[in-house]
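Peer 1: Sequence plus the predicted model coming up.
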Amino acid sequence: MTQHQMDVPSQEKLHQEAKLLREPIDEEVKKTLEGGKSDNDLDATFWSGINATTRLAVGGHSSLAAQEFRLYDLWYVCIQAAKTLHCASLKQDSIVRYIMSAKAMGPLRGVVPSVGDGSNTVQRGEIITFSDGRRFWSDLPLFGLDLEEEFTNRYYQSQHYEKDQRMNFAAFIGRLLSVGIYDGPAVCALSLFRETLETHRPLVSSAKDRGAEEDEVLPVEDLLNALQQLLHHSEASIAILSNIPGAASTTPNVGLPNFLKLASLGEQARQAGIVDAPSGYSAERLRFWFQRLEELSQCDVKSIASDAETCLHTLITAQESIGTYKADIGENGEERHVVSYD
């Protein structure tokens with residue numbers, strides 16, 4: 001038996017290590033919430049984790065299976081930090097900078113034994129590649145999977161996300177998009193657009209009228225707050241992904257397990273005759289979002305009308321910045337918030 005075979009830890013041991021690592025993270029999040037704060041030091045924890053993970057991987061001191069567990073834990077820290085740090089916090093910017101710094105290091109090479117019986121090992125000089133096919137660090141392995149899983153199983157669940165946390169995490173997704181990290185964030189953004197503008201749901205919460213604590217279905221008002229944060233922090237990314245040929249198709253989003261569930265057209269978009277695009281993004285779908293936002297900007301709920309108007313202007317600015325926006329002039333000569341394309 002080789003030394004590498006002896007070093008491969010059992011799945012039970014890996015799960016125990018993961019639990020020990022996540023307990024202090026969960027405790028930090030708990031203190032943040034109980035204190036009514038939106039600030040913590042998880043950004044520093046995340047940066048330390050990046051350095052530790054890098055040293056272990058390139059040094060060949062643990063199996064690839066162990067590295068995957070540690071990387072999942074590292075992304076867990078990242079997600080919890082982004083979820084609890086205020087959407088305007090500079091610490092969110094720091095986290096994105098740390099991710100970009102890690103990405104710039106790769107692809108890295110090292111001595112890491114493969115998962116299995118140890119008959120095949122990654123020799124020194126070979127690029128470290130994880131189970132999702134992503135290279136370390138250049139492709140940010142497992143990150144897209146974790147973001148997708150977060151949106152699929154927790155983001156829209158009230159027991160996991162409060163309204164402010166949903167806004168915080170949407171702002172983080174926007175920041176990632178703004179620096180060109182599309183693999184994962186792009187499909188998460190599609191999901192938020194789909195749930196906010198393409199899915200039938202009540203405009204405002206009715207829980208208080210029913211004497212309930214929470215709504216079973218999130219209202220448009222809550223999701224529109226999150227969408228506003230995503231658009232504000234994503235710069236021109238949504239316009240780029242929707243209009244520039246190949247921008248969205250170059251990302252591996254379509255390979256994510258729940259891609260169709262998150263990115264496929266919502267019922268209202270289908271009823272409007274919008275056609276599915278392979279990447280989920282298209283100029284046609286973007287035009288539909290403009291139309292829905294214009295409708296919401298005219299509704300009787302002032303908070304929704306105001307947020308929708310803000311989203312419209314942000315999208316228009318994004319379109320103008322890449323030269324793909326042209327106002328549609330109505331019958332009475334008024335400028336409408338509906339885009340057209342040459």
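Peer 2: Structure's in. What do you need?

Peer 1: low pLDDT regions in the stretch 151-300 of the chain?
Peer 2: The stretch 151-300 of the chain contains residues with pLDDT under 70 at 207-215, 249-255.

Peer 1: That one: helices as residue ranges?
Peer 2: For the stretch 151-300 of the chain, the helices defined by DSSP state H, counting those that start in this stretch cover 163-178, 185-197, 207-210, 220-233, 237-243, 259-263, 267-271, 283-297.

Peer 1: Distance to E309 and mean neighbour count for these - can I get that in a markdown table?
Peer 2: All C-beta spots, glycine's among them, are computed from the backbone N, C-alpha and C. Listed next are the helices of the stretch 151-300 of the chain as a markdown table, based on distance: least, Cβ to Cβ, whole Å; neighbours: other Cβ atoms under 10 Å:
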| stretch | distance to E309 | mean neighbour count |
| --- | --- | --- |
| helix 163-178 | 18 | 24 |
| helix 185-197 | 14 | 26 |
| helix 207-210 | 26 | 10 |
| helix 220-233 | 10 | 23 |
| helix 237-243 | 17 | 24 |
| helix 259-263 | 26 | 18 |
| helix 267-271 | 20 | 14 |
| helix 283-297 | 4 | 19 |
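
Peer 1: Output the ones you listed in a markdown table, with distance to D146 appended to each entry.
Peer 2: A markdown table is the format used below for the helices of the stretch 151-300 of the chain (distance: least, Cβ to Cβ, whole Å):
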| stretch | distance to D146 |
| --- | --- |
| helix 163-178 | 12 |
| helix 185-197 | 11 |
| helix 207-210 | 30 |
| helix 220-233 | 18 |
| helix 237-243 | 20 |
| helix 259-263 | 13 |
| helix 267-271 | 27 |
| helix 283-297 | 26 |
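
Peer 1: who wins for proximity to S89 among those?
Peer 2: helix 163-178 (8.2 Å; Cβ to Cβ).

Peer 1: Remind me what the closest one packs against, helices and strands.
Peer 2: Applying 3 or more Cβ pairs under 8 Å, 6 or more residues apart in numbering; DSSP states H and E, one finds that helix 163-178 contacts helix 64-84, helix 90-105, helix 185-197, helix 220-233, helix 237-243.

Peer 1: Show me how far the shortest one is from its chain's centre.
Peer 2: To tie it back to what came earlier, the one meant is helix 237-243. Taking Cα atoms, centre = their mean, to the nearest Å, the mean C-alpha location of helix 237-243 is offset from the chain mean by 16 Å.

Peer 1: Pull up the gap between A239 and K103, please.
Peer 2: The spacing between A239 and K103, counted by Cβ to Cβ, to the nearest Å, is 23 Å.

Peer 1: Could you do Y76 as well?
Peer 2: For Y76, the distance to K103 - Cβ to Cβ - is 18 Å.

Peer 1: Tell me which of those two has more neighbours.
Peer 2: Set Y76 next to K103 and count neighbours by other Cβ atoms under 10 Å: Y76 wins out with 19 against 16.

Peer 1: Please name the nearest non-neighbouring residue to the more buried one.
Peer 2: In this structure, Y76 finds its nearest non-sequential neighbour in R22, 6.2 Å apart by Cβ to Cβ, 6 or more residues apart in numbering.

Peer 1: Quick check: that neighbour vs L74, distance?
Peer 2: In terms of Cβ to Cβ, R22 sits 11 Å off from L74.

Peer 1: out of those two, which sits in the more crowded spot?
Peer 2: Shown here are R22 and L74; by other Cβ under 10 Å, L74 has more neighbours (22 against 16).

Peer 1: wait, that one sits on F46?
Peer 2: Yes - with contact defined as Cβ atoms under 8 Å, L74 counts as touching F46 (7.1 Å).

Peer 1: So which residue is dead centre in the protein?
Peer 2: Nearest to the mean C-alpha position of the chain, by Cα atoms, centre = their mean, lies P185 at 3.7 Å.

Peer 1: which ones are touching that one?
Peer 2: Listed by Cβ atoms under 8 Å, 6 or more residues apart in numbering, the contact partners of P185 are 144, 147, 173, 176-177.

Peer 1: The same query, at a cut-off of 10 Å, please.
Peer 2: Contacts for P185 (Cβ atoms under 10 Å, 6 or more residues apart in numbering) come out as 143-144, 147-148, 151, 172-179, 230, 234, 237, 251, 253.

Peer 1: just L203 next, same as before
Peer 2: Taking Cβ under 10 Å, 6+ apart as the criterion, L203 is in contact with 219-221, 224, 296, 299-301, 303-304.

Peer 1: Spatially, what comes nearest to it if we skip its sequence neighbours?
Peer 2: Among residues not flanking L203 along the chain, V220 sits closest, at 4.9 Å (Cβ to Cβ, 6+ apart).

Peer 1: can you tell me how far the one you found sits from M105?
Peer 2: With distances taken as Cβ to Cβ, V220 is found 42 Å from M105.

Peer 1: what does Y72 give?
Peer 2: In terms of Cβ to Cβ, Y72 sits 19 Å off from M105.

Peer 1: if you count what's nearby, which of the two comes out ahead?
Peer 2: Y72 (19 against 13).

Peer 1: I figured the more buried one hits L142, correct?
Peer 2: Yes - using Cβ atoms under 10 Å, Y72 is in contact with L142, at 6.0 Å.

Peer 1: Can you work out which residues contact both of these two?
Peer 2: Here Y72 and L142 share the contacting residues E149, scored by Cβ under 10 Å, 6+ apart.
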